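>>> sequence plus predicted model, see below.
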Amino acid sequence: MTMTGLQVQPIDSHWASQVTTLCYVVSDWDREQWHQYVDSFPQVKSSLQSGKKRMQGWELFAEEIFHRLLTVPQPIPYEQLRPEVLWAHQLHQLIDESVDFGEMQIDCRNNKLAAGHGTYRLMEIALSTLPRPPRGFNPKTMEDQEAKCIKLQAQLKALEQTRDQLQREFQSASNPQRRQALQENLDQVDFDYQQIESQLQQAQQKMGKLSQTAQAHAEQVGESLANIFMDAIREALDSVTTFHLSMNAFGWGDGIGILNHPGNTQKKEQVAQRLSNDKRFRRIAEAAGRFQAIAALRQGAKRSKQIPDELADSTRGNNFARLMPSEWIRAAIAELRPLFLKDYADESLIESDFDGATDDGEQGPVIICLDKSGSMDEDDGKKEIDSTALMLALISIAQQQKRNARVILFDGQVRHIRDLDPYSATHADRLDLADLHYGGGTDFMAPLERALEGIEKTPDLKEADVIFITDGEADVEEEFSSQWREAQKEMGFKVYTLIVGTYIDVDVLKRFSDQNIFVKDLEDPAVHQVFDI
């Protein structure tokens, strides 16, 4: 399968042994990735166990989906498939016809978390329509019966070997008493053999009936899921897209706002776990991802007249279009390729960072003053969640533009200040800011004073931007307003005020704000004006 010009090959068997599942042969390395993912996400394990109780091989089918998303497993020839797994083969054929699954493969290739998330969502949707097994059908019973047959066959084999040994000894024995003892042993072995042979025939008959039931149920599963599987794939693709957007909100990805130090795979997995388990965190991440996608479009339009052809720096990621030549050398050398793949999964390959800045010189900081008063947390916290997501998107723009950022969280007082350097900020900074919320009253003076303090730290830098986000109303003293406007003339910064779902005295806004944006909520497209900084 070709992906953006790169031919993706199955993992060579010389460094990873192969394992057969239902319809595919996969590497031990891939299987270990899947088991690690399942062990890290309890809800995934629980879902697979529910499916296993209703369909034999359900968890193995999920594993195959994961492998198809992560790498390129080798299919087992049709004539070698067991009849009871043909339901999985039928669904794999549907997958082969799905354009959406092909897109999902591109989004998940060599990304364990994305492939795991896509597999879970697909299997969870399919599980909701999985037909109930027939009365008396239990995959565990079939497994136990198969194990019983294997055990009885092993016992027969051992008895055959014992009988052969006794017959040889009997033929060579000359002592009558010895020959009599051997004959008695042979008679006992023959008796035991007949008993076990009879048990095996009964077990095989029962196994045959169970196999017929399993095959009939497998055909029913294939027919039932075929009707909804394409829709399930489409929903899973949407979920994977949202997952990527959510992870991008905290500095992972190859779009706007990537971090120079985004953290390792373990930290990335911790964020993915929080996305699964923490509803507020997930809502913030999803909204931030959407805001960042919109911000990327606005910034792209703003910079479209420039061609970023000057290498300015290097960064870390897994964007093939920007990899440094040294990384392609690692990919080409067989001994180094496993490390290359690991760094690809960790998004820690060395990339070129081109200069595409639109300003003639270095810009001043981005100052974000975010209202965390109690009124922002009303109506299921929507304003608080969306405004926090907007803050993360603005931090991403500052990161992209190589500008310092200062975040000021306030209610009736300044509650928290975080200064973010574009070269040393980490995902932990964004995580901490996403978690903070308070609930007091509203005061404008204190955050504005700390905003001015942040700008005055770099008086030689022009074109700083202040984004003030609130749903409340407060006063700004005339004396401070004069000081504020004088500083604006000297240092050339601009102030955007975003007023959410309320009315603020315009006379107060005139004392500190240059552009006032009134919106009912943060889903209003007018909000996107702040992304033009």
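All right, it came through fine.
>>> how close does Thr213 sit to Gln201?
19 Å (C-beta to C-beta, to the nearest Å). For the C-beta atoms, the positions are set from N, CA and C on the backbone; glycine is no exception.
>>> okay, those two: which has more neighbours?
Each of Thr213 and Gln201 has its neighbours counted (other C-beta atoms under 10 Å); Thr213 has more, 19 against 11.
>>> helix or strand for that one, which one?
Taking DSSP states H and E as the definition, Thr213 sits inside helix 176-248.
>>> kindly report the same for Ser326.
Taking DSSP H and E as the definition, Ser326 sits inside helix 325-332.
>>> for Thr71, see how far away Ser27 is.
For Ser27, the distance to Thr71 - C-beta to C-beta - is 8 Å.
>>> which strands or helices does the helix holding Thr213 pack on?
Contact partners of helix 176-248 among helices and strands, from 3 or more C-beta pairs under 8 Å, 6 or more residues apart in numbering; DSSP states H and E: helix 86-96, helix 99-108, helix 112-127, helix 139-172, helix 265-277, helix 279-302.
>>> select, out of these, the one closest to Arg316.
Closest approach to Arg316 among the helices and strands packed on helix 176-248 is made by helix 265-277 (12.4 Å; C-beta to C-beta).
>>> and the most far-flung residue of the chain relative to its centre, how far from Phe170?
Here the chain reaches farthest from its C-alpha mean at Pro176, the gap being 77.1 Å by C-alpha atoms, centre = their mean. Per C-beta to C-beta, Pro176 is found 12 Å from Phe170.
>>> Thr213 now?
Counting by C-beta to C-beta, the gap from Thr213 to Phe170 is 46 Å.
>>> can you tell me which helix or strand Glu473 belongs to?
For Glu473, there is no host helix or strand (DSSP H and E).
>>> leaving out chain neighbours, which residue sits closest to it?
Ile504 (5.0 Å; C-beta to C-beta, 6 or more residues apart in numbering).
>>> count the neighbours of the one you found for me.
With neighbours defined by other C-beta under 10 Å, the count for Ile504 comes to 18.
>>> quick one: it is in a helix?
No - looking at Ile504 with DSSP: H, G, I helix; E, B strand; the rest coil, it is coil, so not inside a helix.
>>> would you confirm that it contacts Asp471?
No - here Ile504 does not reach Asp471: they are 9.2 Å apart, not a contact under C-beta atoms under 8 Å.
>>> how about the secondary structure of Tyr496?
In terms of secondary structure, Tyr496 is strand; the call rests on three-state DSSP.
>>> burial measure for it, as a count.
19.
>>> what is it paired to in the beta sheet?
Applying DSSP bridges to Tyr496 gives these bridge partners: Ile467, Gln515.
>>> is it true that it touches Leu509?
No - counting by C-beta under 8 Å, Tyr496 sits too far from Leu509 to count as a contact (11.1 Å).
>>> in which helix or strand does Thr342 reside?
No, residue 342 isn't Thr; it's Lys. Going by DSSP H and E, Lys342 is in helix 337-346.
>>> helices or strands next to that helix in the packing?
With contacts defined as 3+ C-beta pairs under 8 Å, 6+ apart, helix 337-346 has these neighbours: helix 265-277, helix 325-332.
>>> again, only using 10 Å
Under the contact definition 3 or more C-beta pairs under 10 Å, 6 or more residues apart in numbering; DSSP states H and E, helix 337-346 sits against helix 28-40, helix 112-127, helix 265-277, strand 310-317, helix 325-332, strand 349-355.
>>> considering those, which stretch scores lowest in mean pLDDT?
Mean pLDDT is lowest for strand 310-317 among the helices and strands packed on helix 337-346, at a mean of 64.
>>> residues near His92, how many?
His92: 17 neighbours (other C-beta under 10 Å).
>>> contacting residues around the residue nearest to it when sequence neighbours are not counted?
Leaving aside its chain neighbours, His92 sits nearest to Cys23 (5.5 Å; criterion: C-beta to C-beta, 6+ apart). Counting by C-beta atoms under 10 Å, 6 or more residues apart in numbering, Cys23 touches 57, 60-61, 64, 73, 75-78, 80-82, 85-86, 88-93.
>>> so where's the stretch 351-500 of the chain uncertain?
Residue ranges of the stretch 351-500 of the chain with pLDDT under 70: 353-361.
>>> if we go to 90?
Confidence mapping of the stretch 351-500 of the chain against pLDDT under 90 gives the ranges 351-363, 377-380, 399-402, 422-428, 437, 439-440, 456-463, 472-473, 492.
>>> okay, strands next: where are they in it?
Taking DSSP state E, counting those that start in this stretch to define them, one finds strands in the stretch 351-500 of the chain at 366-371, 405-410, 414-420, 465-470, 494-500.
>>> with that, I have no additional questions.
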